[in-house]
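In: Quick one: sequence and predicted model below, then my questions.
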Amino acid sequence: MKTLIFSLLLLAVLWGCGNKPGTDAKAPGGDIAAGKAIAENSCHACHGLDGKGVAPAIPHLANQRAGYLVASLHEYKDGKRPHAALKDMAAKLSDADMHNIAAYYSSQPPAKSAAPGDVKHSSPYERGKQLSSRCIKCHSEDGNSTSAGIPTLAGQQPHYLVAAIREYHQGERTTESMRSMMRDASDLDFENLAFYFSIQTPVQRSTPTRGDAAAGEPATAMCGGCHGANGVSADAATPSLAGQDFTYLVKSIKGYRSSRKNWGMQRYVAGLSDADVDNIAAFYARQMPKAGDQIITSTQELADKCNRCHDQADNSSVVAPKMRGQDKDYLVMALRSYRDGKRDSPTMHKMSFPYSNAMIESLASWYSGQDPK
């Protein structure tokens, strides 16, 4: 899994710079008075005349960088952002109007969100470690089980772990102890738990006494397309098989003949004999597991990476938005939109794709609780 470094695409075309309170009425790139008139007519109902969003999930515009505000309005006008009302409003604005609105709101004093009082700035890793106490009996504290038939979770791909835990929780996988263990867990709990185990370093399980690894290797040619070379997956949603428990691998592969659902796996497994399954499992069990790349484990560290773009001093070359003190719900919505490809930014999508909802919630909570600059 690639190192989680979150940053914003710097647009190729740059617009006017932001303005501080007390600057001249004619700000670089825009007219503050003209911008105020437009804000009074079109923007204040949602963003307030002071630039503070009037409800959750509405962003604060006060003291935001003018270049970013103009870029955002252009994205609405060009259909790159999906908000219907803003798309309609932006379509009626000229370039001069956009610069005037940006000049006005960027000149307002910063607006700070009232951060929720129940927010605890613990990282997904810390919460996942707490939840892992439920798993220690079978999977060991670090996710390296020593019991036959019990899979290793350490270093496993996080999106896959979330999907697997959810399948147990919903009864799609029939191990009753797993279902009861996670009965009261939420989706965020699943993500935190998966994140914690994905961080741990996997160790190779005991050498299997059954199966022919040499005969199993050529049979894994098709498997490698999804599960990676020698069973080390490079896809957050596809499990790594290298070094996994032999008994568990056999049981899982055969499970696609009956209860487990995955059309591709079901089709492939249907043509395998029991001896083929043993050989494939023996090959993968003998491979050396590989830990994922270093992953940030605290919200503060994650925010430090974001600040490389979002916490720069104001100047005409900075169009990444300020995030400190921003509305939490808006930050969550925006980050999910980039991750899910609903906002048109290939770089932001690539950067944020590995982020779980738990990570986004944690990061948004941290920023909303900071003093705006």
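Out: Thanks, I have it.
In: quick one, strands of this structure?
Out: Using DSSP state E, the strands assigned to the chain run over residues 26-27, 30-31.
In: so how far is the last one from its chain's centroid?
Out: When you say that, I think you mean strand 30-31. Between the centre of strand 30-31 and the centre of its chain there are 37 Å (CA atoms, centre = their mean, to the nearest Å).
In: before we move on, back to that, out of the strands of the chain, name the one with the poorest average pLDDT.
Out: Between the strands of the chain, the one with the least mean pLDDT is strand 26-27; it has a mean of 43.
In: Return stretch 61-81 as CSV; C-alpha atoms alone will do.
Out: Only the C-alpha atoms of stretch 61-81 are listed here, as CSV (Å, rounded to 0.1, in the frame of the first residue of the first chain):
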residue,chain,number,x,y,z
LEU,A,61,-15.2,31.5,2.9
ALA,A,62,-13.9,34.2,5.2
ASN,A,63,-10.2,34.9,4.8
GLN,A,64,-9.9,32.0,2.3
ARG,A,65,-7.3,32.4,-0.4
ALA,A,66,-8.8,34.4,-3.3
GLY,A,67,-7.0,32.2,-5.9
TYR,A,68,-8.7,29.1,-4.5
LEU,A,69,-12.1,30.7,-4.4
VAL,A,70,-11.9,31.8,-8.0
ALA,A,71,-10.6,28.3,-9.0
SER,A,72,-13.5,26.7,-7.2
LEU,A,73,-16.1,29.0,-8.9
HIS,A,74,-14.6,28.0,-12.3
GLU,A,75,-14.9,24.3,-11.4
TYR,A,76,-18.6,24.8,-10.6
LYS,A,77,-19.1,26.7,-13.8
ASP,A,78,-17.3,24.1,-15.9
GLY,A,79,-19.2,21.2,-14.3
LYS,A,80,-16.2,19.7,-12.4
ARG,A,81,-18.1,20.0,-9.1
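In: Can you list the buried residues in that stretch?
Out: Across stretch 61-81, burial judged by 16 or more other CB atoms under 10 Å covers 61-77, 81. Where you see a C-beta, it was placed from the backbone N, CA and C, and this is true even at glycine.
In: what does stretch 269-280 give?
Out: Quick answer for stretch 269-280 (16+ other CB under 10 Å): Val269, Leu272, Asp276, Val277, Asp278, Asn279, Ile280.
In: Nearest to Tyr104 among the residues you listed?
Out: The closest of those to Tyr104 turns out to be Val269 (CB to CB; 63.1 Å).
In: For that closest one, give its distance to Thr174.
Out: Counting by CB to CB, to the nearest Å, the gap from Val269 to Thr174 is 18 Å.
In: With Asp245 instead?
Out: Counting by CB to CB, the gap from Asp245 to Thr174 is 19 Å.
In: who has more neighbours, the two?
Out: Asp245 (23 against 12; other CB atoms under 10 Å).
In: Name all residues that make contact with the more buried one.
Out: By CB atoms under 8 Å, 6 or more residues apart in numbering, the contact set of Asp245 is Ser145, Ala148, Gly149, Ile150, Pro151, Thr152, Arg205, Ala285.
In: Could you save those residues as JSON lines and add columns showing pLDDT, neighbour count and distance to Asn307?
Out: Formatted as JSON lines, the contacts of Asp245 follow (pLDDT from 0 to 100; neighbours: other CB atoms under 10 Å; distance: CB to CB, whole Å):
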{"residue": "Ser145", "pLDDT": "94", "neighbour count": "22", "distance to Asn307": "39"}
{"residue": "Ala148", "pLDDT": "93", "neighbour count": "12", "distance to Asn307": "47"}
{"residue": "Gly149", "pLDDT": "93", "neighbour count": "12", "distance to Asn307": "46"}
{"residue": "Ile150", "pLDDT": "94", "neighbour count": "16", "distance to Asn307": "41"}
{"residue": "Pro151", "pLDDT": "95", "neighbour count": "21", "distance to Asn307": "38"}
{"residue": "Thr152", "pLDDT": "96", "neighbour count": "26", "distance to Asn307": "36"}
{"residue": "Arg205", "pLDDT": "92", "neighbour count": "24", "distance to Asn307": "41"}
{"residue": "Ala285", "pLDDT": "96", "neighbour count": "27", "distance to Asn307": "44"}
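In: For Arg260, state which of those residues is nearest.
Out: Proximity of the contacts of Asp245 to Arg260 was ranked by CB to CB; the top entry is Pro151 with 13.5 Å.
In: list the contacts for the closest one?
Out: His139, Ser145, Gln244, Asp245, Tyr248, Ser252.
In: Tell me the one of those residues nearest Gln130?
Out: Gln130 lies nearest to His139 out of the contacts of Pro151, by CB to CB, at 15.1 Å.
In: neighbours around the closest one, how many?
Out: By other CB under 10 Å, neighbour count at His139 equals 20.
In: Excluding chain neighbours, give the residue nearest to it in space.
Out: Of all residues beyond its chain neighbours, the one nearest His139 is Ser145 (4.8 Å), with distances taken as CB to CB, 6 or more residues apart in numbering.
In: ok, now how distant is that neighbour from Met222?
Out: Taking CB to CB, one finds Ser145 at 27 Å from Met222.
In: again with Leu193
Out: Here the criterion is CB to CB. By it, Leu193 lies 31 Å from Met222.
In: Compare the two (neighbour count), which wins?
Out: For Leu193 versus Met222, the count of surrounding residues by other CB under 10 Å is larger for Leu193: 27 against 10.
In: ok, His83 touching Tyr76?
Out: Yes - between His83 and Tyr76 there is a contact under CB atoms under 8 Å: 6.5 Å.
In: ok, Tyr76 - contacts?
Out: Residues in contact with Tyr76 (CB under 8 Å, 6+ apart) are His83, Leu86, Lys87, Met89, Ala90.
In: just the buried members of those?
Out: For these, buried by 16+ other CB under 10 Å: Leu86, Lys87, Met89, Ala90.
In: Can you tell me, leaving aside adjacent residues, what's nearest to the first one?
Out: Closest residue in space to Leu86, ignoring its immediate chain neighbours: Tyr76 at 4.5 Å, by CB to CB, 6+ apart.
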